[in-house]
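J.: Build me a structure from this.
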Amino acid sequence: MNIGLIAHDSKKALMQNFCIAYRGILSKHNLYATGTTGRLIEEVTNLSIHKYLAGPLGGKQQLGAQITQNQLDALIFLRDPSNPKPHEPDVNDVIRLCDMHNIPMATNLATAEIIILALDRGDLDWREMYK
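T.: So this is what the prediction gives:
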């Protein structure tokens, strides 16, 4: 399955720790991330990640295009709701696209764990038929 990973600056360390904890599950899937987030995850996990541009430079739009073309099966987007970003419309666009195209998405650690464990159990295998 294809999994997207995005994290706001204040959540990048949390994303790294999440990926360390679930490295075994993530290693079985194709991973896509915005530039800085992908680089930081690779540094601590040695996972192979396809890196797009940094989020504010177009990486979120690149992942959005992947969602629109039904090429992403799940998205983990650890965002900081208490610290709005100048590129907040891009954030909302990604969320809206996931809703429109039935892409399971997590925006916090609790839902990220639910999605990753569901992937491991095969609960998201329906995505293969949906394609």
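
J.: alpha carbons only for contacts and neighbour counts from here, please
T.: Fine.

J.: A helix includes residue 41, no?
T.: Yes. Under DSSP: H, G, I helix; E, B strand; the rest coil, residue 41 falls within a helix.

J.: what's the closest non-adjacent residue to it?
T.: In this structure, residue 41 finds its nearest non-sequential neighbour in residue 16, 5.2 Å apart by CA to CA, 6 or more residues apart in numbering.

J.: what about that neighbour, how many residues close to it?
T.: Applying other CA atoms under 10 Å, we find 21 other residues in the vicinity of residue 16.

J.: Also residue 55?
T.: For residue 55, using other CA under 10 Å, the count is 22.

J.: and the closest residue to it other than its chain neighbours, how many neighbours does it have?
T.: Using CA to CA, 6+ apart and skipping the chain neighbours, the partner closest in space to residue 55 is residue 34 (5.5 Å). By other CA under 10 Å, the residues close to residue 34 number 26.

J.: try residue 81
T.: As a measure of burial, residue 81 has 11 neighbours, counting by other CA under 10 Å.

J.: Let's verify it: helix, strand, or coil?
T.: Residue 81 is classified as coil under three-state DSSP.

J.: which phi and psi does residue 106 have?
T.: Phi and psi for residue 106, reported as degrees, to the nearest 10, are phi -110, psi 140.

J.: what pairs with it across the strands?
T.: With DSSP bridges as the criterion, residue 106 is bridged to residue 76.

J.: Hmm, it is touching residue 77, no?
T.: Yes. Checked against CA atoms under 8 Å, the pair residue 106 and residue 77 is within contact range at 5.9 Å.

J.: Which one of those two is surrounded by more residues?
T.: Comparing residue 106 with residue 77 by other CA under 10 Å, the one with more neighbours is residue 77, at 24 against 21.

J.: mind checking how far the more buried one is from residue 12?
T.: According to CA to CA, to the nearest Å, residue 77 and residue 12 sit 10 Å apart.

J.: got it, and residue 24?
T.: 19 Å.

J.: Any regions of the chain where pLDDT drops low?
T.: Under the criterion pLDDT under 70, the flagged ranges of the chain are 84-90, 130-131.
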